[in-house]
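Model the structure of this input:
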Amino acid sequence: MALPMIVDLSNDSKELGQKAARIGAAQIRQAIAQRGEAHIILATGASQFDVLSALVQEPDISWPKVTAFHLDEYLDLPETHKASFRGYLKERFVAKVDGLGSFVFIEGDRVDTNGEVARVCSEIAKHNIDVAFIGIGENGHLAFNDPPADFETTAPYIIVDLDEKCRLQQANEGWFAGISEVPRRAISMSIHQILASKTIICAVPDARKAAAVKGALEGPVTNLCPASILQNHGGTTVFLDQDSASALDQARLAPAISGSLS
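Here you go, the predicted structure:
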């Protein structure tokens, strides 16, 4: 039986980001010490601002020995658009670390979409992932695996349709002027590939995520709340702040902070 996930509660998003980065950085250093290299996954979005800000400041990480992948990218959106996840990660991560080994980006605006999916699938299949830094969407999604998510496919990356709640979240976060501008399709890392990570660092701040957090941690494992699948991954730590944890059963949350949510 897999060990249950660990839940860590912070006072605010900044503290959450610092804790998540510290734990993730320790896993990166450990992988480099053991094998001479590390492979990581990085998420984007407003929920990851504080995590990435803290991670790039972590000391004693040999970034040239790190290969990074990102979770998802919109189809047909140029890198110059402010919502581009490639642009986001290049600005907030790649430009701020000292000589990253490599970053395998999803080029969602390539004409040959199927060829791009095949390329990134081939690249990630060469590596075992040490640490995945992820979040949870307002609709409970992981990456862009909106409900009902595909829990069965073993393909590392897939083309997905984005549901209305997901697209509205992107607009409300200010990445687009309105929902009509949000792309309807994306290339997303699959649930199976995310769960293949040795360690999962799931950072989820903000009250608007409270219902999704409750479903993910206290509800049944179901593809209608894709993040609930994390209950089956014993290497997961979910980092919450007071706002995102506000809908949880407080009696059950207290012991979870020091160990696991059961």
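
dump the residue contacts of the one residue sitting closest to the centre of the chain.
Centroid check for the chain by Cα atoms, centre = their mean gives Ile134 as the closest residue, at 1.8 Å. Contacts for Ile134 were tallied using Cβ atoms under 8 Å, 6 or more residues apart in numbering; they are 41, 43, 71, 142-143, 194, 200-203. C-beta here means a position set from N, CA and C on the backbone, and glycine is covered the same way.

What of Trp63?
Counting by Cβ under 8 Å, 6+ apart, Trp63 has contacts 97-101.

repeat for Ser244
Here Ser244 is in contact with 204-207, 209-210, 213 (Cβ under 8 Å, 6+ apart).

For the buried ones among those residues, write the corresponding PyMOL selection.
Filtering the contacts of Ser244 down to the buried ones (16 or more other Cβ atoms under 10 Å) takes a single PyMOL command:
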select buried, resi 204+205+206+209+210+213
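
check contacts around Glu138.
The contact partners of Glu138, taken as Cβ under 8 Å, 6+ apart, are 165-166, 169, 208-209, 211-212.

one more time with 7 Å, if that's ok
165, 169, 208-209, 212 (Cβ atoms under 7 Å, 6 or more residues apart in numbering).

can you redo these as JSON lines with pLDDT, secondary structure and distance to Gln34?
Below are these laid out as JSON lines (pLDDT from 0 to 100; DSSP: H, G, I helix; E, B strand; the rest coil; distance: Cβ to Cβ, whole Å):
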{"residue": "Lys165", "pLDDT": "93", "secondary structure": "helix", "distance to Gln34": "41"}
{"residue": "Gln169", "pLDDT": "92", "secondary structure": "helix", "distance to Gln34": "38"}
{"residue": "Arg208", "pLDDT": "95", "secondary structure": "helix", "distance to Gln34": "39"}
{"residue": "Lys209", "pLDDT": "96", "secondary structure": "helix", "distance to Gln34": "34"}
{"residue": "Ala212", "pLDDT": "97", "secondary structure": "helix", "distance to Gln34": "34"}
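
quick check, nearest of those residues to Val111?
Nearest to Val111 among the contacts of Glu138 is Gln169, at 28.1 Å by Cβ to Cβ.

ok, for the closest one, nearest residue in space, not its chain neighbours?
Glu138 (4.8 Å; Cβ to Cβ, 6 or more residues apart in numbering).

which SS state does the one you found fall under?
coil (DSSP: H, G, I helix; E, B strand; the rest coil).

any idea which helix or strand carries Ile201?
Here Ile201 sits within strand 199-204, counting by DSSP states H and E.

helices and strands around that strand, which ones?
Contact analysis of strand 199-204 by 3 or more Cβ pairs under 7 Å, 6 or more residues apart in numbering; DSSP states H and E lists helix 13-35, strand 131-134, strand 236-241 as its packing neighbours.

And the longest one, how far out from the chain middle?
Relative to its parent chain, helix 13-35 has a centroid offset of 14 Å by Cα atoms, centre = their mean, to the nearest Å.

Flag every buried residue along it.
Within helix 13-35, the residues that count as buried by 16+ other Cβ under 10 Å are 13, 15-21, 23-25, 27-29, 31-32.

Same list (the helices and strands packed on strand 199-204) but as TSV, adding distance to Asp60 and mean pLDDT.
Putting the helices and strands packed on strand 199-204 into TSV (distance: least, Cβ to Cβ, whole Å; pLDDT from 0 to 100) gives the following:
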stretch	distance to Asp60	mean pLDDT
helix 13-35	7	97
strand 131-134	16	98
strand 236-241	21	96
